[in-house]
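A.B. asks: Mind folding the following:
(one chain, ligands or ions: 2)
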Amino acid sequence: MSLVEVKNVRKIYRVGKEKIVALNHVTLNIEQGEICCILGTSGSGKSTLLNVMAGLERPTKGDIFIGGINIAKLSEKQLALFRQKNVGFVFQSYNLMPTQTAIENVAMPLMFRGISKKIRTKEAVKMLKAVQLQKRMHHKPTQMSGGQQQRVGIARAFVAKPKIVFADEPTGNLDTHTTKDVMEIMVKMARQYHETLIIVTHDPEIAEYADRIVTLIDGDVRSDQKNVSLIPKDEEEIPQSPPQPSEMPTPEAGGNEHE
Ligand code: ADP
Ligand code: MG
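C.D. replies: Ligands and ions are numbered 1, 2, ... in the order given. Presented below is the predicted three-dimensional model:
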């Protein structure tokens with residue numbers, strides 16, 4: 001069983017009389033610990049797919065199993081609890097609480113789990129150190145740069161060790177240099193905790209950080225590939241089994257031996 005199983009999912013939006021097919025027929029499995037990128041141009045259905053996998057939106061048809069639970073069948077209340085327990089989010093616009101410090105923002109997901117304030121603070125501090133923000137712990141979002149705010153966002157997404165972290169265009173508001181920092185930190189964190197990370201982006205360079213790249217076109221999966229550029233050289237060059245005698249060139253085929 002895969003951690004995430006998307007089965008024949010369709011999502012249709014109705015706008016007035018018009019029907020918009022955001023997801024046509026999507027079937028997809030994602031494994032525990034996998035870093036998976038959903039790549040596609042604007043309007044291809046990436047955010048819709050992320051939102052239905054995360055239980056933020058319901059599919060029009062089809063099922064989504066997370067750890068064996070069909071989340072398409074849960075009530076609103078059960079879904080909210082499911083998200084609190086299992087899912088972390090990183091947003092393009094950070095979505096931090098403006099009146100709260102970095103520590104308070106990061107500690108937030110632990111509040112829903114009934115963890116004491118002392119432990120919450122301790123865990124938040126640990127996560128902020130891990131994203132190299134030890135000097136910004138008591139800052140509020142407006143007192144931080146975009147890259148710093150997104151690092152707070154990453155610390156918050158991972159603090160409760162959710163099963164899956166979803167990131168929708170996480171570097172969409174950042175410059176190239178900061179994008180690299182943020183992607184490296186996010187991927188490192190997912191690897192460290194062996195967590196599943198699902199990143200949505202229109203940017204092929206972001207996709208390069210993933211183990212696997214699923215490309216969406218017009219609400220359908222167009223391709224689903226391992227990211228070969230991540231495979232270490234020596235692994236890539238493992239020779240096939242040695243040539244069998246029958247495959248070896250015969251002197252006749254070689255042609256030159258008898259001349
Ligand atoms: P992406 O994230 O790849 O840019 P989306 O998943 O946001 O694409 O959107 C896929 C399609 O569904 C687009 O045509 C978009 O206009 C449409 N869409 C998305 N959300 C809504 C909505 N709430 N109501 C109507 N149409 C929507
Ligand atoms: Mg989108």
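
A.B. asks: make it CA atoms for all contacts and neighbour counts henceforth
C.D. replies: Will do.

A.B. asks: contacting residues around residue 121?
C.D. replies: Applying CA atoms under 8 Å, 6 or more residues apart in numbering to residue 121 gives the contacts 103, 104, 107.

A.B. asks: could you redo the last one with a cut-off of 7 Å?
C.D. replies: By CA atoms under 7 Å, 6 or more residues apart in numbering, the contact set of residue 121 is 103, 107.

A.B. asks: What residue in the stretch 101-250 of the chain comes nearest to ligand 1?
C.D. replies: Among residues of the stretch 101-250 of the chain, the one nearest ligand 1 by CA to the nearest ligand atom turns out to be residue 219. It sits 7.1 Å away.

A.B. asks: Low-confidence regions, the stretch 101-250 of the chain specifically.
C.D. replies: Along the stretch 101-250 of the chain, the model assigns pLDDT under 70 to residues 231-250.

A.B. asks: measure residue 119 to residue 110 for me?
C.D. replies: In this view, residue 119 and residue 110 are 9 Å apart by CA to CA, to the nearest Å.

A.B. asks: Who has more neighbours out of those two?
C.D. replies: Legend: neighbour count by other CA atoms under 10 Å for residue 119 and residue 110, higher for residue 110 (22 against 12).

A.B. asks: beta partners of residue 226?
C.D. replies: Listed by DSSP bridges, the beta-bridge partners for residue 226 are residue 212.

A.B. asks: how deep is residue 150 tucked in, by neighbour count?
C.D. replies: By other CA under 10 Å, 29 other residues sit near residue 150.

A.B. asks: I'd say it and residue 92 touch.
C.D. replies: No: counting by CA atoms under 7 Å, residue 150 does not reach residue 92; the two are 8.3 Å apart.

A.B. asks: For stretch 134-150, buried residues please.
C.D. replies: 136, 137, 139, 140, 141, 146, 147, 148, 149, 150 (16 or more other CA atoms under 10 Å).

A.B. asks: Give the full set of residues in contact with the fifth one.
C.D. replies: If a contact means CA under 7 Å, 6+ apart, then residue 141 has 96, 98, 149 as its contacts.

A.B. asks: Identify the residues contacting residue 14.
C.D. replies: So residue 14 contacts residue 20 (CA under 7 Å, 6+ apart).

A.B. asks: Just the helices from the protein, written as ranges.
C.D. replies: 46-53, 76-86, 102-111, 117-130, 146-158, 176-192, 204-207, 233-236, 251-254 (DSSP state H).

A.B. asks: Next, format the ones you listed as JSON lines and append distance to residue 26.
C.D. replies: Below are the helices of the chain laid out as JSON lines (distance: least, CA to CA, whole Å):
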{"stretch": "helix 46-53", "distance to residue 26": "8"}
{"stretch": "helix 76-86", "distance to residue 26": "21"}
{"stretch": "helix 102-111", "distance to residue 26": "30"}
{"stretch": "helix 117-130", "distance to residue 26": "35"}
{"stretch": "helix 146-158", "distance to residue 26": "26"}
{"stretch": "helix 176-192", "distance to residue 26": "25"}
{"stretch": "helix 204-207", "distance to residue 26": "19"}
{"stretch": "helix 233-236", "distance to residue 26": "30"}
{"stretch": "helix 251-254", "distance to residue 26": "50"}
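
A.B. asks: Please identify the deepest-packed of the ones you listed.
C.D. replies: Among the helices of the chain, helix 146-158 has the highest mean neighbour count (mean count of other CA atoms under 10 Å), at a mean of 25.

A.B. asks: which residues are contacting that one?
C.D. replies: 88-90, 94, 96, 102, 105-107, 127-128, 131, 141, 165, 174, 178, 182, 186.

A.B. asks: For ligand 1, tell me which of these show up nearby.
C.D. replies: With CA under 6 Å from any ligand atom as the criterion, the contacts of helix 146-158 include none near ligand 1.
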